[in-house]
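Enquirer: Sequence isn't available, so here's the structure alone:
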C-alpha cells in the first residue's frame, strides 16, 4: 500500500473542495429554481408547505449536488494521479505553485480558472433577478417590462465584460511573476537522477547492513 505524501493529501483536499464548491453553486441554482417554481407557479401548494419543507427544498438539492461533485472530484483526482508518473508530477507541481501564491493571488487565480462558469452563472442570476424585480411593477405592460429587462441585461453584460478584462489582466500579471516552468526533458533528467540517487542510497544501506550482520556473526 502506497503512503500518500503531504503534497498529495493537500492536492487531493484542494481538488475535492474546489469541485464541491462548484456543486454547491450548481445545487444552489437548482434549489432556487425549484423554490421559485413552487412559490410563483404553484402558490396554493406552496402556502401549505411548512418551514421545514421550504428549508428542505433549498438544502437537499444544494447539499446533494455539492456532495456528488465532491465525490466525483475525488474519483477524478485519483484517476489522474494514477494515470502516469508524469501527470502525477505535473499535478503536484501545479499544487506547489498555487500554495506559493499570496492569498489575493490565489483568489484571482481561482476566479480566472473558473471565470467562464462564474460569468454565465452571474449573467443568468442577474437576468432572473432583474426580471423578478421588474415583474413586481403592476403599472408597466409586459412589453415595457421586456424592454426594461433588456436594458438591465445590457448593463449587466457590460459590467461582466469589464470584470472579465480586469480579471484577465490580473491573471496575466500573476503568471508573469511566476518562475518559468522547467522543460519536459529537464524534468525527465531530474527524475532519473533522483531515482538513481535513491537506488544508490538503497544499495549502500543494504551493503552496510549486510556488513554489520557479517561482523556480528
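Expert: Okay, I see it. The structure displayed is predicted, hence computed values, not measured ones.

Enquirer: which of the residues in the longest helix along the chain are buried?
Expert: In the chain, taking DSSP state H as the definition, the longest helix is helix 142-177. Neighbour counts using 16 or more other CB atoms under 10 Å place 145, 148-149, 152, 156, 160, 167, 170-171, 174 of helix 142-177 among the buried residues. All C-beta spots, glycine's among them, are computed from the backbone N, C-alpha and C.

Enquirer: Between which two of these is the distance greatest?
Expert: Greatest spacing in these, by CB to CB: 145 and 174 (42.4 Å).

Enquirer: what's the closest of the buried residues of helix 142-177 to residue 8?
Expert: Ranked by distance to residue 8 (CB to CB), the buried residues of helix 142-177 are led by residue 174 at 24.6 Å.

Enquirer: Can you give the domain ranges for the chain?
Expert: The chain resolves into domains spanning 1-82, 85-177 when parsed by the TED database.

Enquirer: would you list the ones you listed in TSV and tack on mean pLDDT and distance to residue 209?
Expert: Output for these, formatted as TSV (pLDDT from 0 to 100; distance: least, CB to CB, whole Å):
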stretch	mean pLDDT	distance to residue 209
domain 1-82	83	22
domain 85-177	75	29
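
Enquirer: Looking at those, spot the one closest to residue 208.
Expert: That would be domain 1-82 among these, by CB to CB, at 24.0 Å.

Enquirer: quick one: that closest one to chain centroid distance?
Expert: A distance of 12 Å separates the centroid of the chain from that of domain 1-82, by CA atoms, centre = their mean, to the nearest Å.

Enquirer: how about the helices in this protein?
Expert: In the chain, the helices defined using DSSP H lie at 6-36, 43-47, 51-81, 85-99, 103-113, 115-134, 142-177, 184-216.

Enquirer: What helices and strands are in contact with the first one?
Expert: If I follow you right, that is helix 6-36. Judged by 3 or more CB pairs under 8 Å, 6 or more residues apart in numbering; DSSP states H and E, the packing partners of helix 6-36 are helix 51-81, helix 85-99, helix 115-134.

Enquirer: Quick one: those helices as JSON lines, columns for mean neighbour count too.
Expert: Listed next are those as JSON lines, based on neighbours: other CB atoms under 10 Å:
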{"stretch": "helix 51-81", "mean neighbour count": "15"}
{"stretch": "helix 85-99", "mean neighbour count": "14"}
{"stretch": "helix 115-134", "mean neighbour count": "14"}
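
Enquirer: Quick one, which of those helices gets closest to residue 200.
Expert: For the helices and strands packed on helix 6-36, the distance to residue 200 is smallest for helix 85-99, at 19.7 Å, taking CB to CB.

Enquirer: possible to save the helices and strands packed on helix 6-36 as a markdown table with distance to residue 21?
Expert: Converted to a markdown table, the helices and strands packed on helix 6-36 look like this (distance: least, CB to CB, whole Å):
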| stretch | distance to residue 21 |
| --- | --- |
| helix 51-81 | 8 |
| helix 85-99 | 15 |
| helix 115-134 | 11 |
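
Enquirer: show me what contacts residue 99?
Expert: Each residue near residue 99 by CB atoms under 8 Å, 6 or more residues apart in numbering is listed here: residue 10.
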